[in-house]
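Colleague: Fold the following, please.
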Amino acid sequence: MDKDALAWETLASERDYTCPGFDVIRDDVRLPNGTETEFHYVSEPPSVVILPFRPDGDVVVIEEWRQAVGRVSYGLPAGGLETDDEDVIAAAHRELAEETGYEADAIEQLGTYEPANGLFDSVFHYVVAHGCRPTAEQQLDDNESITVETASFDDLRDRAAVGDLRDGRTALGVLQYAVRKDS
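Modeller: Below is the predicted model of the structure:
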């Protein structure tokens, strides 16, 4: 099938709403059949999601309040890329230190995903950090409530496999690493 035959034509684009962290964008579009309509989506900067292994093999995990679902979420440290980040690896080092107080000996890229590209333009860059050690205090943003813990990778993988790891970013990263590790 000709993929261009599926493409929508953007006639105009406008920011309907902006707040710290994301914007809501409205596009006026023409569909392949000629219909003109509006399409809204959430736009946010790219993020890095870190799977941080300590030297003993345990994974550094965080518990963080998530207002959208009204509960504490258990998962991997993550954060948005900032303009002064040189690349994804630099962002991962910064976010790991800020959210957990840990620093990594080495970080490698795992994969890049668009987790909900029907509603968001989000791009998540997944990395694996090795040799993570606590070196400083957390440097949390004003709107972050985070505690740091550790877990075995096997426990995380097992929880993700049965749907007990509710944070989608975390489940995707853990399962992707498990598949790569086992192949």
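Colleague: What average pLDDT does stretch 91-105 get?
Modeller: Stretch 91-105 shows a mean pLDDT of 95.
Colleague: Show me how far that stretch is from its chain's centre.
Modeller: 15 Å (CA atoms, centre = their mean, to the nearest Å).
Colleague: for this protein, what's the longest strand?
Modeller: strand 9-19 (DSSP state E).
Colleague: which parts of the top helix by length along the chain are buried?
Modeller: As assigned by DSSP state H, the longest helix anywhere in the chain is helix 168-182. For helix 168-182, burial by neighbour count (16 or more other CB atoms under 10 Å) applies to Arg169, Thr170, Ala171, Leu172, Gly173, Val174, Gln176, Tyr177, Ala178. For glycine as for every other residue, the C-beta is placed from the backbone atoms N, C-alpha and C.
Colleague: Then stretch 81-88?
Modeller: Buried, per 16+ other CB under 10 Å, within stretch 81-88: Leu81, Asp85, Val88.
Colleague: Which parts of this structure are helices?
Modeller: According to DSSP H, the helices that the chain contains are 88-100, 153-161, 168-182.
Colleague: Closest one of the buried residues of stretch 81-88 to Gly57?
Modeller: Val88 (23.9 Å; CB to CB).
Colleague: any weak-confidence spans in the protein?
Modeller: 1 (pLDDT under 70).
Colleague: Domain-wise, how is it divided?
Modeller: As recorded under automatic domain parsing, the domains making up the chain are 3-43, 47-182.
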